[in-house]
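Participant: Predicted model and sequence follow; I will ask about them next.
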Amino acid sequence: MTDPYQILGVSPTASDEEVKKAYRDLVRKYHPDRYQDSDMAALAGEKMKEINAAYEEIQKARAAKSGARGGSGDVHDGPSGFRKESDSPFYSRVRMNIYNGMLEAAENELRNVPPSQRGAEWYFLTGVVMQEYGFYMDALKYLDTACSMDPYNAEYRGLRDNLRNRGRSYEGRVYQDIDRDACCYDCAIPLICCC
């Protein structure tokens with residue numbers, strides 16, 4: 001890989017916040033949603049992989065360096081290995097897998113997260129995968145857990161409420177199809193809202 005700092009366009013001495021800002025700016029610029037109906041979609045997807053890999057490499061290196069210096073102890077082991085689960089390239093990669101229809105890959109990555117490290121985003125993304133498979137009752141259970149762990153997260157609540165409101169119960173067991181054109185459904189999976 002090329003220098004990950006060069007890929008993100010920041011100096012190796014950049015603060016964590018500067019690295020995060022550069023990463024988010026590039027995600028907004030190259031997210032495949034922006035190029036959905038364009039010949040550039042494949043190129044944008046490849047660029048996103050490069051950006052995610054660079055960010056992940058920087059975060060791992062900084063976490064290891066912080067640990068070697070006897071850091072604050074807020075970095076946990078596990079697939080993400082980062083300070084905040086919502087900023088984790090691990091979860092960004094899972095979201096991209098879901099968005100690209102690679103549900104099995106997303107499910108396998110999520111399954112490998114140890115139970116002690118499963119936070120609100122883990123439950124949310126697992127709920128999204130269950131919904132995509134058509135297991136609406138299971139999806140609601142995971143989404144309810146995500147919402148109880150992070151009650152102020154509008155993304156989590158939006159998908160849960162959308163699933164409840166649009167998927168009317170038929171004899172209390174089977175849910176009807178979800179309106180896939182609904183904006184709040186589409187925005188629940190991508191990293192950037194389409195609104």
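Facilitator: Sure thing, it's come through. Numbers count the residues shown, from 1 in each chain.
Participant: Please determine how far Arg118 is located from Ile7.
Facilitator: Computed as Cβ to Cβ, to the nearest Å, the Arg118 to Ile7 distance reads 30 Å. For glycine as for every other residue, the C-beta is placed from the backbone atoms N, C-alpha and C.
Participant: Kindly report the same for Arg24.
Facilitator: 14 Å.
Participant: and Arg118 and Ile7? which has more neighbours close in?
Facilitator: Set side by side, Arg118 and Ile7 show more neighbours around Ile7, with 20 against 16, by other Cβ atoms under 10 Å.
Participant: pretty sure the more buried one is touching Ala54, no?
Facilitator: Yes: taking contacts as Cβ atoms under 8 Å, Ile7 lies within contact range of Ala54: 3.9 Å.
Participant: show me where this protein has strands.
Facilitator: Under the criterion DSSP state E, the chain contains strands at 169-170, 174-175.
Participant: isn't Glu107 right next to Glu132, touching?
Facilitator: No: contact criterion Cβ under 8 Å: Glu107 and Glu132 do not qualify, at 9.5 Å.
Participant: Tell me where the protein is predicted with low confidence.
Facilitator: Along the chain, the model assigns pLDDT under 70 to residues 1, 66-87, 166-195.
Participant: biggest helix in the chain, by residue count?
Facilitator: Longest helix of the chain, by residue count under DSSP state H: helix 41-68.
Participant: May I see the buried residues of stretch 141-148?
Facilitator: Neighbour-count burial for stretch 141-148 flags Tyr142, Leu143, Thr145, Ala146, Cys147 (criterion: 16 or more other Cβ atoms under 10 Å).
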